[in-house]
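*Asks:* Sequence and computational prediction follow.
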Amino acid sequence: MNETWTGGCQCGAVRYEVETLGRASICHCRMCQRAVGNAFAPFVTARGLRWLAAEPKRFRSSNQVQRGFCAQCGTPLTYERDDAAPEVTIASLDEPSRVPPVIQVGVESRLPWCETLNGLPTLTPEEAQAAAPFFASIVSNQAPT
Ligand SMILES: [Zn+2]
């Protein structure tokens, strides 16, 4: 995928550009679960990654890897191995729907309920209608894009 990709954190303090995206994956390992506070971590290799304003703060999660996140809003942004190209969280890209994961890794820690997510019910029309005033009242502080 040779085009300039952009992304950033929720508050907009950290923005980045990427020259070339590589393999997109989801990682189920326990360290990635903790790092993103989620069931699994979608990452894509980001060659030519450039920070446009502030750099992320970093936590060295092991002797091999540091992980970047926004110091102001906490958005998880990178997985940076010392000996390989960095990766960015797919959902921090401005167009994450264009970057479908192609492989799962760390499956020894995959949460068993991941396999049944697509079968979960969604809100009924009545429930959605009841929730509508709350959603209509939200004033977002999220940076645009
Ligand atoms: Zn931020």
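*Replies:* Good, I have the coordinates.

*Asks:* Show me which residues of the protein are close to the ion?
*Replies:* Residues of the chain lying close to the ion by Cβ under 5 Å from the ion are 9, 11, 13, 70, 72-73. Where you see a C-beta, it was placed from the backbone N, CA and C, and this is true even at glycine.

*Asks:* Would it be right to say that Q142 lies in a strand?
*Replies:* No - residue assignment for Q142, taken from DSSP: H, G, I helix; E, B strand; the rest coil, gives coil, which places it outside any strand.

*Asks:* Going forward, count from 24.
*Replies:* Shifting the count to begin at 24 puts that one at Q165.

*Asks:* and it, how many neighbours?
*Replies:* Close neighbours of Q165, defined as other Cβ atoms under 10 Å, add up to 10.

*Asks:* what's the answer for G91, then?
*Replies:* A count of nearby residues for G91, using other Cβ under 10 Å, gives 25.

*Asks:* and it, what helix or strand is that in?
*Replies:* Using DSSP states H and E, the secondary-structure element containing G91 is strand 88-92.

*Asks:* now the spatially most central residue of the chain, nearest residue through space, not along the chain?
*Replies:* Among the residues of the chain, T112 comes closest to the average C-alpha position under Cα atoms, centre = their mean, at 3.2 Å. Excluding its sequence neighbours, the residue lying closest to T112 (Cβ to Cβ, 6 or more residues apart in numbering) is P99, at 5.4 Å.

*Asks:* likewise E118?
*Replies:* For E118, the spatially nearest residue (Cβ to Cβ, 6+ apart) is W28, at 7.5 Å.

*Asks:* Same question for R83.
*Replies:* Nearest residue to R83, sequence neighbours excluded (Cβ to Cβ, 6+ apart): Q89, at 4.6 Å.

*Asks:* where does this structure have low pLDDT?
*Replies:* Counting by pLDDT under 70, the chain contains low-confidence residues at 24-25.
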